[in-house]
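Q: using only what follows, build the 3D model:
(5 chains)
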Amino acid sequence: MGHFDRKFTKRGAPPGEFAPTTETIEPIVSVLSFDLDGLDETNVSSPAEAIDFAGKRAVTWIDVRGLGDGSIVREFGELLKLHPLAVSDVVNVGQRPKVDEYEGYAYSVLRMVTMLPGKDLQWEQISLFILPGLVLTFQETHQDCFEPLRDRIRRGRPMIRSSGADYLAMMVIDALVDGYFPVLEHYGDRIDQHEDRVLESDDQGTGMVRDLYGTKRNLAAFRRAAWPLREALGQLHRGNSPIVTRDARLHLRDTLDHIMQLVEVNESYRELTTSLVDLHLSIVGQKTNDVMRVLTVVSTIFIPLTFIAGVYGMNFDQSHPWNLPELRSPYGYAGFIAVCTVIAGMLLLLFRRLGWLGGER
Amino acid sequence: MGHFDRKFTKRGAPPGEFAPTTETIEPIVSVLSFDLDGLDETNVSSPAEAIDFAGKRAVTWIDVRGLGDGSIVREFGELLKLHPLAVSDVVNVGQRPKVDEYEGYAYSVLRMVTMLPGKDLQWEQISLFILPGLVLTFQETHQDCFEPLRDRIRRGRPMIRSSGADYLAMMVIDALVDGYFPVLEHYGDRIDQHEDRVLESDDQGTGMVRDLYGTKRNLAAFRRAAWPLREALGQLHRGNSPIVTRDARLHLRDTLDHIMQLVEVNESYRELTTSLVDLHLSIVGQKTNDVMRVLTVVSTIFIPLTFIAGVYGMNFDQSHPWNLPELRSPYGYAGFIAVCTVIAGMLLLLFRRLGWLGGER
Amino acid sequence: MGHFDRKFTKRGAPPGEFAPTTETIEPIVSVLSFDLDGLDETNVSSPAEAIDFAGKRAVTWIDVRGLGDGSIVREFGELLKLHPLAVSDVVNVGQRPKVDEYEGYAYSVLRMVTMLPGKDLQWEQISLFILPGLVLTFQETHQDCFEPLRDRIRRGRPMIRSSGADYLAMMVIDALVDGYFPVLEHYGDRIDQHEDRVLESDDQGTGMVRDLYGTKRNLAAFRRAAWPLREALGQLHRGNSPIVTRDARLHLRDTLDHIMQLVEVNESYRELTTSLVDLHLSIVGQKTNDVMRVLTVVSTIFIPLTFIAGVYGMNFDQSHPWNLPELRSPYGYAGFIAVCTVIAGMLLLLFRRLGWLGGER
Amino acid sequence: MGHFDRKFTKRGAPPGEFAPTTETIEPIVSVLSFDLDGLDETNVSSPAEAIDFAGKRAVTWIDVRGLGDGSIVREFGELLKLHPLAVSDVVNVGQRPKVDEYEGYAYSVLRMVTMLPGKDLQWEQISLFILPGLVLTFQETHQDCFEPLRDRIRRGRPMIRSSGADYLAMMVIDALVDGYFPVLEHYGDRIDQHEDRVLESDDQGTGMVRDLYGTKRNLAAFRRAAWPLREALGQLHRGNSPIVTRDARLHLRDTLDHIMQLVEVNESYRELTTSLVDLHLSIVGQKTNDVMRVLTVVSTIFIPLTFIAGVYGMNFDQSHPWNLPELRSPYGYAGFIAVCTVIAGMLLLLFRRLGWLGGER
Amino acid sequence: MGHFDRKFTKRGAPPGEFAPTTETIEPIVSVLSFDLDGLDETNVSSPAEAIDFAGKRAVTWIDVRGLGDGSIVREFGELLKLHPLAVSDVVNVGQRPKVDEYEGYAYSVLRMVTMLPGKDLQWEQISLFILPGLVLTFQETHQDCFEPLRDRIRRGRPMIRSSGADYLAMMVIDALVDGYFPVLEHYGDRIDQHEDRVLESDDQGTGMVRDLYGTKRNLAAFRRAAWPLREALGQLHRGNSPIVTRDARLHLRDTLDHIMQLVEVNESYRELTTSLVDLHLSIVGQKTNDVMRVLTVVSTIFIPLTFIAGVYGMNFDQSHPWNLPELRSPYGYAGFIAVCTVIAGMLLLLFRRLGWLGGER
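A: Next up, the predicted model:
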């Protein structure tokens, strides 16, 4: 099992200074430029080239996958006159999701989730700059969740094609949030399975409790990504930022609804997980009780009988009349059996009245 | 037992794109048009026909039950110039309850609950458009909870007949919220029954804990439906939306009170369920304790006695004077009985002083 | 034990429609009219008569105890032109405590509590209308908590006599809130008793846990009555309603302080109850531990000894020299006793070192 | 152990009516009057005398310790024209801490805590009136926490001497809040001690759990005093009351910081107490587990062996060749010992592999 | 193990009076003065000297490490005309983190954390004054976390050199907050280790629960430092204080993001710790259950068999035909073995069906 996601910024670096904390992954820069008339798409090798390419059509989306040693981020920062604080946040991955507005542009930190089978969730920081006519995104790795969105742009949907960069940015955020749904669904299925196993008392030692613990931990990480995003986008929606126009704002409201739903379902799952653990524990406790009852019934019946049998196995000298006269009686054994039967019967009656015989024997 | 309600939108589709997530249920379109002078009611086969029918009287209610392949929703959207985001939310069922205001109309997502005996609660998305003079509702299935409201309109109550579309919309929301009360009452009865069973110690293994878990889960789903509705309607009530007039606003306040009450009673039930589980567990724990005490009392008394009986059952050579001289005594057996009685009596006294004999034997 | 208070409105009826949910209790209408000069008091048989009587002095209080079939409420509603929504809330008892302002008057739903020995708390809906110069109250049953207030008015306190209807209404609310204090005190005493019993380990099986559960349930019902009232009155106090004048507002602040105190003490009691259950359970767990220790000490000492005694009770053929030679030794029994003593002694030493002998034996 | 502090007002009395709920403690009235030029101090016997004395210097502090039958409060109320609601709150002790502003003066209810060794905390209501040039305090008993403040005034600190009555009032509140710190420190020490005892497993039956319960209860009472005070003073600080001048406001902010700190530390202690109880319970549970393991290891090894010994103690007729032939073998006993050793060894190996032998034996 | 951090101010001293609560540590005063043109750095011996030195360049940072008997703080207070309340807060260490604005300057209390191996966290109060062109910091001990910041200033970064005192102050706060990250990381690693140990069932008695308790306590102390700081800086950021200019405000937002992240990760860790304790307890409970099952299976099988063996060890007089006729049968022993095998087999079958044999044997 992997470990808890603790990759937050270690800031030996001052705010606004440049100190990349990512692994060195070779950057791929792809540019997508479009307006109602057409669409140009290319991969470029330098920031300057990308920005040159950008001016030709109404809206351009520059997507950088992999940050290398971070120098590409710095170059973009210098060319587009981005604030050093924002530039340094791009490379100091592990930032809290947020939307920061600067004069003339906005900068947003988002978190993309990837679910690989048999592993903990993989979280990746996505940085998003919204400039006039330009959307600039940075991704930590080559892993990508924006291909469906690119396809839609290529297919030439008029709604996207005719809108501005802010609208495109909202679509980017929305695509990212869409990636959260299958994750929650996965955990929902998992909880369902555990539920069935608990309800069928298909007990597998402590394995289930551990699995539920893992689920809880991943749901907590999920919340840490979704909750601040909700806050940041809510602020953007309520605020009167000139960057986000009216039409993009309507879509932002829609995305916000989705995040709210994610947050609420996530909370539900967390509660359900806790309840399931409690349910499991109470069933285990009940079973311990049942086991104890069996032991007690059997012991309580046979321990006195064994004592009596032990008594008549004693070797007291039979020549003395007071020593174990029962042994010399012709009906001694019959009497012993009778006494044992009576004792066992009475104890069984008592246990039946106490309700200890129901179900488990 | 059914599964947890996890039918939230899987958005491979972009916001505002049309991607139905419902089953294909043949749509039934019923139109109810009325003013103070009269009432027309009919079933139509196409959106255009329904809207034609609508213009003749002051207020019209078009109710679509079943969404088919979603094309009927799209047609309504085009005819009434509804925003694509709203139209796509109608078919992407599983949305969070909300009220979205657009220019000239409002769109609300609501959740209808149906309780079928022996099953989990069935939740269905109801979409509600409030336009000038027109209320348009979409239901996922043919299941319907609006018949009593339609009856009241048919019976010609002046208050409904003389009011506008916004008033009708409030009545629709109110009818839907009314459907929540019997559900909560059902769970209230269930909790009462469990309470009686716990208090009568009518223990049935782990069945009750499982049932309480199911209740908890359904109450959590209930809250997920009621809580955002409260928020959305509260916003509509406080806001100065031109869509909701003063008289409808008074009724909205009333509906809000009902939702608040539902939310509070729901919270109470959730707490009660948790308390009941704890109470049950504590009674089970107490019983385990009682069982243990019986075992301990019986064992502690007889184990030493059995040892003594075992001692006098040993076969040491009696020809040696130091070997088990008690066996050769004429009062050996009497002495043995005396010793056993004294030991048992002392232990019983001790247990009485420890309070271990009270109640269970 | 009674059942949980679940009498909330079942609204098959539309909002504002008239559908009484109370039992039919014959209404008693008493009228109290006063100003600085004097006081008139009478019982009347019809709403019209009551309202006629009202005009003569500055302030009139019409109190209706028992709602009959609800027609009397409807008559008052028509005569005083009260909003149908408010009128229907009077007879649909089980409403959430609230204060609704209408034009020219205010309507408040309150909950009165009656504590009958050996029963759960009885909650009753009190409806209060504040009109200019007139206070109109409706009570569900003939049970009454306003007699001390009436007495004070009769005794002619100038502060009440010289103030308006709003001041009288505040006094009515205050009298009702005063009725909450003895209830909380009762539960405080009960918690004290349980505390003493837990601390004296005066364990009575599961009875106490059940009783604490009942207390918790009643405190939860209490909170559901007090919390919305706090909210509603707080809103009235902060708001700039023309209905409540400055002097009445000062008294409202005082009543609010009392409700806040009730709410806080109630919360404290709920926490204390939970802590007491935990304390009880931990003491029970500790006792189980003690019981187990006794069993283990006794068993662990005697089980090996019994085995040894059993060995020397075996009947192996003594003619073979290797079969149980100890039996033939003249010091066999003495050796047996020595070995048993050493084993028991060593185990006792071990148990003492483990701290298992302290206290319970 | 004393009882939970439940002395809240029992209001049979109407708001603003005079109904003392304190014990009759003879009032002592001390007056302290000062300005930059000098200081007069005296004890007086009547309110009128005190107020006469007040006019001579810039600021006067009248402190009444003990409320007698309450008539002295009423006299002050009449002479200074205080609102009847405030006057009645002085004698109806057990009010919630608050700050009420009236025209021209403010009234504050505060709670003083006294910690007597071996007892629960003693809470006392302090009433404080801030009038122009006059501070009037009422204390329930002769117990006093203001002596250090009086000393500072007597020593003639210019900052106090030159400031107004509002500044003096802030100093009074601050002196009272200062009295809370040693109490929290006491409980902090207590939690430390319990921590050490738990960590050293110095288990003393249920005594510690009880003591922690008492601590929890006292911390809850503490919170009920500190929390509303924080709220009330915060309101006074944020508000633009003309009664509190700018300089006094700075000191109020300081006092507020202290209360916030008290509240936070109190919360920490409450959490720690809960965690400690859990820690203790988990250690007890672990011990039960250890005890069980010892019992199981010993029983599981010896019970089968005892059975085998019992078998060879049976008296089947040896003349039949099939009856217990082992008894007639010359190596029967040796074989028996071998079998027992093998069984015991295998079980010990199994237990070692299960990890049941580590630590406790 | 050290004790809980309870060093809050004991205020026998009045607010604004001078009563140091620190240990006497000899003060070191270092001055750093810089503008774009250059940088002067020196250690001085008196406040006056430090302030003389300050005027020469645009921004000066006076850092006092160790407060001595507090007289140095008082001197600075007098020279810079700082408010007595702020000055006394510097020496009364243990204040709650806060930002207080005074006319012309701001005063902030912060908490620095030092993590020494094998000890609880060490918290130290840092006082920060922001004056025009001057930043004045007081540290309790010689321990220092500002050296990296000083280095950056010395290296002459233009962004720092060209900004004002407010910018420097933000950098100081940021450096301090940076010191929190390794602490959280340390606890994250610790939780990871515990997680591994729990998941590998590497049970070490109660040691882990104790360690988790210690972690919880330290995380709670951490929250008490971070939470008020978040609040105070948030207020500074939102407010329109003239002291913090636009550029410094951008950096403040960045620092705020870091604190938010710390607070959220801290909450996550607290939850994880609690979940881990629960997981551990549930695994321990499961093990107890397994142990009980082994005991019960072994006991329930052998106790009846031992009884039967005991029966045939009884010494009833064989001359009477009814006494133990089985003993005289030639197939008695074979029959005994058969009966025992059947009983044991049936019980094993029963236990297999109950699922008690899976896994642990």
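Q: what residues does the stretch 101-250 of chain A have near chain B?
A: A:148-149, A:152, A:157, A:159-160, A:170-171, A:174-175, A:178, A:181-182, A:184-185, A:188, A:191-192, A:195, A:199, A:201, A:250 (Cβ under 8 Å from any Cβ of the partner chain). Bear in mind the C-beta positions are built from the backbone N, C-alpha and C, glycine included.
Q: which of the residues you listed are buried?
A: Buried members of these, counted by 16 or more other Cβ atoms under 10 Å in any protein chain shown: A:149, A:152, A:157, A:159-160, A:170-171, A:174-175, A:178, A:181, A:184-185, A:188, A:191, A:195, A:199, A:250.
Q: just give the nearest non-adjacent residue to A:D211, would you?
A: A:H194 (6.9 Å; Cβ to Cβ, 6 or more residues apart in numbering or on different chains).
Q: typo on my end, A:A58
A: A:D35 (3.7 Å).
Q: which residues touch that neighbour?
A: By Cβ atoms under 8 Å, 6 or more residues apart in numbering or on different chains, the contact set of A:D35 is A:R57, A:A58, A:V59, A:R161, A:S162.
Q: and if you look at A:F307?
A: A:F307 sits in contact with B:F302, B:L305, B:T306, B:A309, where contact means Cβ under 8 Å, 6+ apart.
Q: could you chop chain A up by domain?
A: Following automatic domain parsing, chain A resolves into domains at A:28-282, A:312-353.
Q: let's have those domains in a markdown table, adding distance to D:D257.
A: Shown next, in a markdown table, are the domains of chain A (distance: least, Cβ to Cβ, whole Å):
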| stretch | distance to D:D257 |
| --- | --- |
| domain A:28-282 | 27 |
| domain A:312-353 | 65 |
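Q: turn these into a markdown table, including mean pLDDT.
A: Output for the domains of chain A, formatted as a markdown table (pLDDT from 0 to 100):
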| stretch | mean pLDDT |
| --- | --- |
| domain A:28-282 | 87 |
| domain A:312-353 | 89 |
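Q: need the winner for burial among those domains.
A: For the domains of chain A, the largest average neighbour count (mean count of other Cβ atoms under 10 Å in any protein chain shown) is found in domain A:28-282, namely a mean of 19.
Q: first vs last residue of it, how far apart are they?
A: Using Cα to Cα, to the nearest Å, the end-to-end distance of domain A:28-282 comes to 54 Å.
Q: strands of chain A, start to end?
A: Along chain A, counting by DSSP state E, strands occupy A:28-34, A:39-44, A:59-65, A:98-102, A:105-114, A:122-131, A:134-139.
Q: residue in the stretch 101-250 of chain A nearest to chain C?
A: The minimum distance from the stretch 101-250 of chain A to chain C, using Cβ to the nearest Cβ, falls at A:V209 (20.4 Å).
Q: likewise for chain A?
A: A:G313 (6.8 Å).
Q: my guess is that residue contacts C:N315. True?
A: No. The criterion here is Cβ atoms under 8 Å, and A:G313 misses it with C:N315 at 10.7 Å.
Q: between these two, what contacts are shared?
A: D:G313.
Q: what's near enough to touch A:V29?
A: Contacts of A:V29 by Cβ under 8 Å, 6+ apart are A:N43, A:V44, A:S45, A:S46, A:P47, A:A50, A:I62, A:D63, A:V64, A:I72.
Q: could I get those as a markdown table with distance to chain B?
A: Shown next, in a markdown table, are those (distance: Cβ to the nearest Cβ, whole Å):
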| residue | distance to chain B |
| --- | --- |
| A:N43 | 24 |
| A:V44 | 26 |
| A:S45 | 30 |
| A:S46 | 31 |
| A:P47 | 29 |
| A:A50 | 25 |
| A:I62 | 20 |
| A:D63 | 17 |
| A:V64 | 23 |
| A:I72 | 29 |
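Q: which among the residues you listed gets closest to A:V342?
A: Using Cβ to Cβ, A:D63 comes nearest to A:V342 of the contacts of A:V29, at 88.3 Å.
Q: okay, A:S299: pLDDT?
A: If you check A:S299, the pLDDT there is 90.
Q: pull the number of nearby residues for it.
A: By other Cβ atoms under 10 Å in any protein chain shown, 20 other residues sit near A:S299.
Q: can you give me the separation between it and E:I303?
A: Using Cβ to Cβ, to the nearest Å, A:S299 is found at 6 Å from E:I303.
Q: ok, A:V64 - contacts?
A: Taking Cβ under 8 Å, 6+ apart, we find A:V64 in contact with A:P27, A:I28, A:V29, A:I72, A:V73, A:F76, A:L136, A:T137, A:F138, A:Q139.
Q: nearest to chain B: which residue in chain A?
A: Closest point on chain A to chain B, by Cβ to the nearest Cβ, is A:G310, at 3.4 Å.
Q: separation between that residue and D:T306?
A: Using Cβ to Cβ, one gets 11 Å for the distance from A:G310 to D:T306.
Q: what two of the contacts of A:D35 are the furthest from one another?
A: Across the contacts of A:D35, the longest distance by Cβ to Cβ is 12.2 Å; it joins A:R57 and A:S162.
Q: which residue of chain A lies farthest from its centroid?
A: The C-alpha centroid of chain A is most remote from A:S319, which lies 81.9 Å away (Cα atoms, centre = their mean).
Q: and that one, what are its phi and psi?
A: Main-chain torsions, A:S319, degrees, to the nearest 10: phi -80, psi -20.
Q: residues near A:T288, how many?
A: Residues within reach of A:T288, counting by other Cβ under 10 Å, total 22.
Q: dump the residue contacts of the closest residue in space to it that isn't next to it in sequence.
A: Nearest residue to A:T288, sequence neighbours excluded (Cβ to Cβ, 6+ apart): E:N289, at 4.7 Å. With contacts defined as Cβ under 8 Å, 6+ apart, E:N289 is in contact with A:V284, A:K287, A:T288, A:V291.
Q: pLDDT value on the third one, please?
A: At A:T288, the predicted lDDT confidence score is 78.
Q: again with the last one
A: We have a pLDDT of 83 for A:V291.
Q: now do stretch A:229-242: distance to the chain's middle.
A: 25 Å (Cα atoms, centre = their mean, to the nearest Å).
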